[in-house]
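Engineer: Generate coordinates for the sequence data below:
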Amino acid sequence: MSQRKTRLTVSAVVTAATALAATVLAGAGPAGAAPTAARPLSDVRIATHFDLDAGQMPENVALLPDGTADVTFAGARQVARITPRGTTSILATLPAPADGGVHTPVLGFPLTTGIVRASDGTLYVLYATGTADLTGLWRLRPGHAPQRIAALPATGLPNGLALDPRGNQLYITDSALGTVWTVPTSGGTPTPWSTGSALAPTVLLGVNGAKVHDGALWVTNLDRGTLLRIPILPGNRAGAPQVTASGMVGIDDFTFTGRGDQVLAALNGPDQVVRVEPDGTHTVLLDAADGLQNPTSVALHGDQVDVFSAAYTTGTDPNLLRARLHDHP
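Structural biologist: Numbering: from 1, shown residues only. This is a model prediction of the structure:
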């Protein structure tokens, strides 16, 4: 692809994302801003800068045991590997839709989104294109070409991905359709697992980030600014979604800290990382002054916090911010 075409593609991505953020934040109100506490972080720094012109907008992350990060580059339709020293290599580029992805719901451009890693090294990745032949769940096995193993509706926006290794089940959040799908790691036809108003969008994007934790699927709703817990019942049935925290419009993906139900969450539009306590209160730990530019995901390796920013609306510096969480257990 020529450099000129790449720049035009990225420009379209940023334009669409800017419109999205402006609409979402317009309804945020005072609840979108949480107080800043004395933060338990040190050694805050930008560790890696990514190439915006190449579409390297990190959307989601799966960590390897040594802290290496496998990430999706949304604007490039790619899966990349970033070593602890910051070296970036491309693992796969998913095929471009014939129409350029202009019919991708809400955003209007094709993008790689959620990613998880199984214990055998297999990567599972979500891809949204607005076309029936490509939208869905893809599998990347070491030494093999990417393969779509589950088709999802072209009218949806598959976004967050979570793995429950106990039952070899994957859970997929659809931010446009307000649905959580489930499918075995072997692939097949996805089954609607949880739906309802708590997962639906109010403006543009609904249910978003996803993690399996303590017998439940935890998800966020970007428009509603909520963190929810959905019990995983016997037979892989879904319990009723329960809101555990609110007032965080723009919330994207998150990670558990190891202290019970406490999480660190990325707030995309507000350029913040917040710590959410089990009682639902939250405080701002990082913000734009630290270098955040539309953070999308947070990962924790020991006491090291990795925050990935996509620069969707800032259009300046997609990056990886690292810090030390010094009150970590």
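Engineer: the helices in this structure, which residues?
Structural biologist: All helices of the chain, identified by DSSP state H, fall at 3-26.
Engineer: how about stretch 248-255 as PDB, C-alpha atoms only?
Structural biologist: Extracted in PDB, the C-alpha atoms of stretch 248-255 (Å, rounded to 0.1, in the frame of the first residue of the first chain):
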ATOM      1  CA  MET A 248     -17.400   6.300  33.800                       C
ATOM      2  CA  VAL A 249     -18.600   7.200  30.300                       C
ATOM      3  CA  GLY A 250     -16.000   6.200  27.800                       C
ATOM      4  CA  ILE A 251     -14.900   3.100  29.700                       C
ATOM      5  CA  ASP A 252     -13.200   0.600  27.300                       C
ATOM      6  CA  ASP A 253     -11.200  -2.400  28.500                       C
ATOM      7  CA  PHE A 254      -9.900  -3.200  31.900                       C
ATOM      8  CA  THR A 255      -7.900  -5.700  34.000                       C
END
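Engineer: quick one: pLDDT of the nearest residue to Pro40 once chain neighbours are set aside?
Structural biologist: Leaving aside its chain neighbours, Pro40 sits nearest to Asp327 (4.1 Å; criterion: Cβ to Cβ, 6 or more residues apart in numbering). Yep, even glycine has a C-beta here, placed from its N, CA and C like the rest. pLDDT, Asp327: 73.
Engineer: All further residue positions should be reported with the first residue as 53.
Structural biologist: New numbering, starting at 53: the last item is Asp379.
Engineer: Give me the number of neighbouring residues for Asp379.
Structural biologist: As a burial measure, Asp379 scores 11 neighbours (other Cβ atoms under 10 Å).
Engineer: Format the CA atom coordinates belonging to stretch 349-368 as PDB.
Structural biologist: Only the C-alpha atoms of stretch 349-368 are listed here, as PDB (Å, rounded to 0.1, in the frame of the first residue of the first chain):
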ATOM      1  CA  SER A 349      -6.700  -1.300  27.300                       C
ATOM      2  CA  VAL A 350      -4.800  -2.000  30.400                       C
ATOM      3  CA  ALA A 351      -2.600  -5.000  31.300                       C
ATOM      4  CA  LEU A 352      -0.800  -5.900  34.500                       C
ATOM      5  CA  HIS A 353       2.400  -8.000  34.700                       C
ATOM      6  CA  GLY A 354       3.600  -8.300  38.300                       C
ATOM      7  CA  ASP A 355       3.700  -4.700  39.500                       C
ATOM      8  CA  GLN A 356       4.100  -3.300  35.900                       C
ATOM      9  CA  VAL A 357       1.100  -1.500  34.400                       C
ATOM     10  CA  ASP A 358       0.900  -1.300  30.600                       C
ATOM     11  CA  VAL A 359      -1.600   1.100  29.100                       C
ATOM     12  CA  PHE A 360      -2.200   1.200  25.400                       C
ATOM     13  CA  SER A 361      -3.400   4.400  23.700                       C
ATOM     14  CA  ALA A 362      -4.800   4.400  20.200                       C
ATOM     15  CA  ALA A 363      -4.900   8.200  19.600                       C
ATOM     16  CA  TYR A 364      -8.200   7.800  17.800                       C
ATOM     17  CA  THR A 365      -9.200  11.400  18.400                       C
ATOM     18  CA  THR A 366      -6.000  13.100  19.300                       C
ATOM     19  CA  GLY A 367      -4.400  11.900  16.000                       C
ATOM     20  CA  THR A 368      -1.000  12.400  17.400                       C
END
